[in-house]
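> from the sequence below, what's the structure:
(chains A and B)
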Protein chains: 2
Amino acid sequence: MLKQLFRWIFGKSLENDRISEEKYNVFWGMPILASDAISSVAYAVEEMLWVLIPFVGMASFLWMPRIAIAIIALLLILTFSYRHVVEAYPNGGGAYVVAKENLGPAYSLIAGASLSVGYVLTVAVSICAGTTALISAVPALLPYRVPIAVLFVILLVIGNVRGVRESAHIFSIPTYAFILAVISLVIVGLVRYATGNTLPVPLAPMQEISFGTHPVTLFILLAAFSSGCSALTGVEAISNAVPNFRDPAPHNAKLTYLLLAAAIVVCFGGVASLAKIYHATPNPELTVMAQISLAVFGKGIMFYIIQVTTTIILAMAANTAFAGFPTLLSIIAQDGYAPRQMALRGHRLNYTNGITFLALLAILLIIVFEADTHLLIALYAIGVFVAFTLSQTGMLVHWFRLRNEGWQYKALVNGLGALTTLGAVIIVGVTKFTSGAWIVIVVVPLIVMLMYKIKQHYLLVAQQLDIPNDTLSLIDFNNPHRHHVIIPIDSINGMVIKALLYARSMTNDVEAFHVEPYEGEADKLKRKWAMLNTEIPLIIRESPYRDVVGQLTEYIGSEEHASRPGDLITVLLPQFFVSKWYQALLHNNTSLFIANAMLNKHNVVVSILPFYLAAYNVKKYQKVDDIKDSQEE
Amino acid sequence: MLKQLFRWIFGKSLENDRISEEKYNVFWGMPILASDAISSVAYAVEEMLWVLIPFVGMASFLWMPRIAIAIIALLLILTFSYRHVVEAYPNGGGAYVVAKENLGPAYSLIAGASLSVGYVLTVAVSICAGTTALISAVPALLPYRVPIAVLFVILLVIGNVRGVRESAHIFSIPTYAFILAVISLVIVGLVRYATGNTLPVPLAPMQEISFGTHPVTLFILLAAFSSGCSALTGVEAISNAVPNFRDPAPHNAKLTYLLLAAAIVVCFGGVASLAKIYHATPNPELTVMAQISLAVFGKGIMFYIIQVTTTIILAMAANTAFAGFPTLLSIIAQDGYAPRQMALRGHRLNYTNGITFLALLAILLIIVFEADTHLLIALYAIGVFVAFTLSQTGMLVHWFRLRNEGWQYKALVNGLGALTTLGAVIIVGVTKFTSGAWIVIVVVPLIVMLMYKIKQHYLLVAQQLDIPNDTLSLIDFNNPHRHHVIIPIDSINGMVIKALLYARSMTNDVEAFHVEPYEGEADKLKRKWAMLNTEIPLIIRESPYRDVVGQLTEYIGSEEHASRPGDLITVLLPQFFVSKWYQALLHNNTSLFIANAMLNKHNVVVSILPFYLAAYNVKKYQKVDDIKDSQEE
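Numbering: from 1, shown residues only, chains lettered A, B, ... in the order given. As a prediction, the model looks like this:
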């Protein structure tokens, strides 16, 4: 029942061979991998205004578009830099792999940790922004924003556990719808403005903002730039996921990068222009996008289409991280720096553990920051830009090493990328330090330390388990191993006899072991034991605490028990299993309890011999009296 | 740490020998066993008035004392009846045992179920009434009555798990304090009344009651009588707990019955008189006891003493059930009609499972009925009186069977007890049916059915496990049992070698079993295997779902595996254990997962061979590079 529900939600198991089928072409791959960057349109402009307007008031609408142009320039540099990454690293891995191969493991771990933080924040920020977009359309939902955001994350987990290609199909159409909706918005908005045919802008929320009269300082402009940089997060996703593309994967990935850049330039540039034209002013209940839509279209069908597609593309942006993070984590896990489980594919051939882990972290952030996009943005860009910088620096080293045809041009592009992204790291780190970036600056080194610790653990475990190849042939499999078997028993019954026979045919050194809670309790057992035609001794111990595990441990350790130090002792536990789960409530399951406790002793092999009770089906209660009461004899 | 906290709260383990020390004399035993009946003073009078006043108004103060006299008469009959029970059944068990021996198992189960329901309600009613008494003193606590009541139950659990005698000591002093406080109240109240020196009664709450002008009907009087009968619940507790008394236990128990009767007559009779004199009128925020205290003493220190001792004695009343219910349940469990775990004594020598079970049920009732005494009272008396009736009827049969000296007198007393309690059952059942008694009338038969089902299960299990004594000597322990051992492996390492050696010395029929997720994954393993100097075959299966359990099951069932039907196959699982719990997060623990799954196969013995990794202690992260990376070879 539960298993069927599970299958229904998460899809049927896929066979290994189907890995290659689960890949996407440019048309389906672009929306799933690029939606993060494209969706930033929904909040990046707004976040710049959140920084500017309280300080410099109307001057914001002069400076914001200029900052937007700087960001678009940075985007273009990144796009061309990353196209080189795709070319050089067709197996994906992005910043982590590039840094590992060119800069060494320490840098790769910094890149991995930074990217991981970035992915978690991508989910949190995008989901929160998407929830705000939904609330702009349906203000009654405002009190429920945290549960709505959490629900979105859960839906993404389900979608992603179902599988890669299906994700692409489910999620691609609304992304295209969003791009089309924004392009219509930009065109209609610009045409209305050009023809002077504008609707009145809803100014009500703007009045609530106290307009700043602060002079325009470099710090404020850089802070706005830092917020705007959130638009560029997610650009690396395509380079991480090259192997997810159909062949020729690098070609498709590079093409996708061009499409991505074009989409961002049009949408981000367009929205920034409209925000300037219509003097959109951020407030917590109505997003800048919503204000522009109202100004351009009025509160009609187009307004709702824009809000709904915005919500969905932001969910898709979060989905980018669900595609990228588990892949990254699996690569790190294969290198031994993350728990190995992260490298295991689930029943739908994706990294279920990584997906779940990402979702849990994102939900934690959403709850802690009460689903407030604005608070989360301060943490966002820094991790991503650290990874960008390491990736581009790594590429620079790569080209200098390789020096193949045209390397100078490529080195120049990647060098420019490294420089600009390093600049962005410094700007974001400084201007956002107190409002949240410090958290990331503290967390990333902690993650790196943890990764080192994990690697160390795996190496030391391997060292203890390792047997050198040249000694393999020296192991003598014919040297007899002396077996000792102890069977804890309560009474003599079919199950115990089965266990005794099993043990007896393994070795002559078998003992039955009984703990009596008070002296004389075992008398009946002793009498029955004497009837058995066997030399197996029955050891009886009295326990003041009725403590089988303690008595057994003591006995095994005692002189009386003829094992030599280092000998393996087998504790054989006959355990009966009932046919219905609720029947288990009627039994103590002492055996399973002993099994758990005895596994803590280093030299004890725990064997469980199951005895399955047949299902019975008696309907009349009167039958109780007919059943021979063998317990009472 | 957790274990120490546990010990600190629940006390150190007691040895079996100390059972006899954990018994009480009359002085300590009376308060712990009789507090239920005595504490009823706190609510029984009030509950009668809750029935009468809305219907018959001032006429209540004429009729209530007469009903109280009837209840006292019933109490005296019960006291003398139960003294005979104690005499005839010095081993305790009360209604359940008496009905079982004299009326047969069906009646004993009805008695057991009724008593169990009664015990749960004793806890719920007493705790709720105690909470109301507390609230009368500190009205600010009114909104927290449910959590306060639940907290009281939890404290009782702790006290009871600590042990029998300590319970008596902790709980006895306030019970005596309550009796003294009530006696002072009665004396001062009567003296003030006799001398005409009364304080003005606080009439404010009375005005809120709409005074009834309904004629005084028999039904109303009987309904009031039913509510008043709650005063008699708990009378059987002493007879159930005879073995908890010091020797001579029956003598001490009988003496306790006399003390109990005297205390109830004085306190209940006194409070009923005062309620009549001062025209106390129930309201939800100030109990009748509190109103009388205010009238007699004013809002001084004595008022608070009465409220606090009332609260505490009501908690003690609940404690009666914590002493009685687990004992009853353990007797039923020994007969096989309740889960066996209920008959196991915990580390402090009491029935921890029964205590916990009672607490959970009581907490459930408290939450469902929102800690409202008045609502719970309707459910209360019926179960207890059914048990009374069965017990007294059983005694009647007992004396008719025994016909020893003076049996006629005893039969008369118990016959009278049976008749009057049967009358009370009918009265309560009819007058309280719609207000809650129906729940009990439905639940008791369900419990009886469940008890039959449990007995049936144990009998059928025993039947399957049973081996007749005369066949014991025929079992041949020298008939060799053919062993088959399969060892699932991932790679060749020290742990796997240890397992192979262990298995190889058990039988020649050993196989290593590996599942590769894709073809060729096992090539390296095969090469290493070939280096081993052994004939143990390495079985390799490819699994599209990476499903070791499924492949193993299939293999064991296949022709290829040379086991005969009915053969036991041992799946030997080498499992390594790390030294720190958090290190376990870094490993898959596939073995334990396989162990669980393979136990579901009826013919598979699951053996776990532990391999403990030594703790390591490396401080510098740089060391990672120094450790030979044996995985990468």
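> what is the helix or strand that contains residue A:172 packed up against?
Counting by DSSP states H and E, the secondary-structure element that holds residue A:172 is helix A:164-195. Using 3 or more Cβ pairs under 8 Å, 6 or more residues apart in numbering or on different chains; DSSP states H and E as the contact criterion, the elements in contact with helix A:164-195 are helix A:26-39, helix A:145-162, helix A:249-278, helix A:288-297, helix A:301-334. Yep, even glycine has a C-beta here, placed from its N, CA and C like the rest.
> just name the shakiest helix or strand of chain A by mean pLDDT.
Taking mean pLDDT, DSSP states H and E as the measure, the helices and strands of chain A show their lowest mean at helix A:204-208, namely a mean of 46.
> which is the next helix or strand following that helix?
helix A:218-228.
> ok so, going back, could you dump the helices and strands packed on helix A:164-195 into a markdown table and include distance to chain B and mean pLDDT?
As requested, these are arranged in a markdown table below (distance: least, Cβ to the nearest Cβ, whole Å; pLDDT from 0 to 100):
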| stretch | distance to chain B | mean pLDDT |
| --- | --- | --- |
| helix A:26-39 | 25 | 81 |
| helix A:145-162 | 15 | 87 |
| helix A:249-278 | 20 | 89 |
| helix A:288-297 | 42 | 88 |
| helix A:301-334 | 10 | 86 |
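> ok, the nearest residue to residue A:607 once chain neighbours are set aside - contacts?
In this structure, residue A:607 finds its nearest non-sequential neighbour in residue B:607, 4.0 Å apart by Cβ to Cβ, 6 or more residues apart in numbering or on different chains. Going by Cβ atoms under 8 Å, 6 or more residues apart in numbering or on different chains, residue B:607 touches A:570, A:605, A:606, A:607, A:608, B:570, B:571, B:572, B:573.
> the residues you listed in strands, which ones?
With strands taken from DSSP state E, the overlap with the contacts of residue B:607 comprises A:570, A:605, A:606, A:607, A:608, B:570, B:571, B:572, B:573.
> and the first one, what is it in contact with?
The neighbourhood of residue A:570, defined by Cβ under 8 Å, 6+ apart, consists of A:483, A:484, A:485, A:486, A:503, A:506, A:604, A:605, A:606, A:607, B:607.
> residue A:415: which of the contacts of residue B:607 is nearest?
Proximity to residue A:415 was ranked across the contacts of residue B:607 by Cβ to Cβ; first place goes to residue B:573, at 54.7 Å.
> and residue A:610, helix, strand or coil?
Assigned with DSSP: H, G, I helix; E, B strand; the rest coil, residue A:610 falls in the strand class.
> what's the local residue count around it?
By the other Cβ atoms under 10 Å in any protein chain shown criterion, the neighbourhood of residue A:610 contains 22 residues.
> separation between residue A:426 and residue A:48?
Per Cβ to Cβ, to the nearest Å, residue A:426 is found 19 Å from residue A:48.
> can you give me the strands in the stretch 351-500 of chain A?
Listed in chain order, the strands found in the stretch 351-500 of chain A under DSSP state E, counting those that start in this stretch are A:484-488.
> which stretches of it have low pLDDT?
Scanning the stretch 351-500 of chain A for pLDDT under 70 picks out A:479-481.
> redo that, cut-off 80
With pLDDT under 80 as the threshold, the stretch 351-500 of chain A has low-confidence stretches at A:351, A:476-482.
> can you tell me which residues in it are near chain B?
Within reach of chain B by Cβ under 8 Å from any Cβ of the partner chain, the stretch 351-500 of chain A has these residues: A:449, A:452-467, A:469, A:472-483, A:492-495, A:497, A:500.
> if we use 7 Å, what do you get?
If contacts are counted using Cβ under 7 Å from any Cβ of the partner chain, the residues of the stretch 351-500 of chain A sitting beside chain B are A:452, A:454-457, A:459-467, A:469, A:472-473, A:475, A:477, A:480-481, A:483, A:492-495, A:497, A:500.
> before we move on, the earlier item: bridged to the residue nearest to residue A:607, which residues?
Residues found in beta-bridge contact with residue B:607 (criterion: DSSP bridges) are residue A:607, residue B:572.
> that one and residue B:483: what is the separation?
Counting by Cβ to Cβ, the separation of residue B:607 from residue B:483 is 11 Å.
> also residue A:571?
If you go by Cβ to Cβ, the gap between residue A:571 and residue B:483 works out to 17 Å.
> ok, these two, which is more surrounded?
Ranked by neighbour count (other Cβ under 10 Å), residue A:571 and residue B:483 place residue A:571 first, with 25 against 19.
> quick check: the residue of the stretch 301-450 of chain A nearest chain B.
Going by Cβ to the nearest Cβ, chain B is nearest to residue A:339 of the stretch 301-450 of chain A, at 4.9 Å.
> which residue sits closest to the residue most central in space within chain A in space, ignoring its chain neighbours?
The geometric centre of chain A, computed from its C-alpha atoms, lies nearest to residue A:358 (Cα atoms, centre = their mean), at 2.5 Å. Spatially, and ignoring its direct neighbours in sequence, residue A:358 is nearest to residue A:325 (4.8 Å; Cβ to Cβ, 6+ apart).
> just give me the neighbour total for the residue lying closest to residue A:35 once chain neighbours are set aside.
Taking Cβ to Cβ, 6+ apart, and ignoring the residues beside it in sequence, residue A:35 has residue A:316 as its nearest neighbour in space, at 3.8 Å. Here the neighbour count serves as a burial measure; for residue A:316 (other Cβ under 10 Å) it reads 29.
> got a list of what residue A:316 touches?
Neighbour list for residue A:316: A:31, A:35, A:39, A:171, A:174, A:175 [criterion: Cβ atoms under 7 Å, 6 or more residues apart in numbering or on different chains].
> what's the pLDDT at the closest residue to the first one other than its chain neighbours?
Among residues not flanking residue A:31 along the chain, residue A:175 sits closest, at 3.5 Å (Cβ to Cβ, 6+ apart). Reported pLDDT at residue A:175 in the predicted model: 81.
> surely residue A:175 meets residue A:36?
No - using Cβ atoms under 7 Å, residue A:175 makes no contact with residue A:36, being 10.4 Å away.
> compare the two (neighbour count), which wins?
For the pair residue A:175 and residue A:36, the greater number of neighbours falls to residue A:36 (34 against 25), based on other Cβ under 10 Å.
> gap between that one and residue A:498?
Residue A:36 is 61 Å from residue A:498, where distance means Cβ to Cβ.
> name the SS class of residue A:512, please.
Quick answer, by three-state DSSP: residue A:512 is strand.
> list the contacts for it?
Taking Cβ under 7 Å, 6+ apart, we find residue A:512 in contact with A:487, A:489, A:500, A:536, A:538, A:539.
> need those residues in JSON lines with neighbour count, can you?
As requested, the contacts of residue A:512 are exported to JSON lines (neighbours: other Cβ atoms under 10 Å in any protein chain shown):
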{"residue": "A:487", "neighbour count": "25"}
{"residue": "A:489", "neighbour count": "21"}
{"residue": "A:500", "neighbour count": "23"}
{"residue": "A:536", "neighbour count": "17"}
{"residue": "A:538", "neighbour count": "19"}
{"residue": "A:539", "neighbour count": "18"}
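> pull the most distant pair out of those.
Largest pairwise distance in the contacts of residue A:512, by Cβ to Cβ, is 13.5 Å, between A:500 and A:539.
> residue contacts, residue A:233?
Shown in contact with residue A:233 (Cβ under 7 Å, 6+ apart): A:36, A:40, A:118, A:122, A:380, A:381, A:384.
> what about residue A:304, neighbour count?
Number of residues near residue A:304 (other Cβ under 10 Å) recorded here: 14.
> quick one: it and residue A:137 touch, right?
Yes - the pair residue A:304 / residue A:137 is scored as a contact, 5.8 Å apart, by Cβ under 7 Å.
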